[in-house]
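*Asks:* Sequence below, structure please.
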Amino acid sequence: MEALSRVVDDSIELEAKRKEDSSWHPCRVSLSYSGESLVVDFGSHEFEDMLLKKEEVIVRLRFRSMMLQVDDCCHIEEGARVLVNHKLQSKNLFHDAAVEKARFYHQINYRFC
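*Replies:* Residues are numbered from 1 along each chain as shown. Presented below is the predicted three-dimensional model:
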């Protein structure tokens, strides 16, 4: 089992959608002791671990989103789906959004999905 988790750690990065605020965050996933669900560890004291049942996995777990590089901003088109860093108080929350209008270099209007 240790060899399998080492392979997963090196090759697949995942993110999970939190139940509390529907924000996406990097995570590690393991099988629960009962084998009936997955344990999602956000690796932070700020966020609690969560258990996902089989039905929830498809909605709340995905491959990690790629961060845009500076040059990528010029190529974003209207309607593109992006992950937006939404800062609330002292927390950084990441939500899915759709680009409404791309202007100048770093100015992008979006709406949350």
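*Asks:* Show the pLDDT at the residue nearest to Ser30 when sequence neighbours are not counted.
*Replies:* What sits nearest to Ser30 in space, not counting adjacent residues and going by Cβ to Cβ, 6 or more residues apart in numbering, is Val39, at 5.0 Å. In short, each C-beta sits where N, CA and C put it, glycine included. Val39 carries a pLDDT value of 93.
*Asks:* distance of Val39 from Arg60?
*Replies:* Separation of Val39 from Arg60 (Cβ to Cβ, to the nearest Å): 13 Å.
*Asks:* quick one, which of the two is more surrounded?
*Replies:* Shown here are Val39 and Arg60; by other Cβ atoms under 10 Å, Arg60 has more neighbours (20 against 15).
*Asks:* got the contact list for the more buried one?
*Replies:* If a contact means Cβ atoms under 8 Å, 6 or more residues apart in numbering, then Arg60 has Ala16, Lys17, Lys19, Val40, Leu52 as its contacts.
*Asks:* ok, now which ones touch the nearest residue to it once chain neighbours are set aside?
*Replies:* The shortest distance from Arg60 to any non-neighbouring residue, by Cβ to Cβ, 6+ apart, is to Lys17 (4.5 Å). Counting by Cβ under 8 Å, 6+ apart, Lys17 touches Ser23, Trp24, Val59, Arg60, Leu61.
*Asks:* hey, where'd the helices end up in this structure?
*Replies:* Using DSSP state H, the helices of the chain run over residues 2-11, 54-60.
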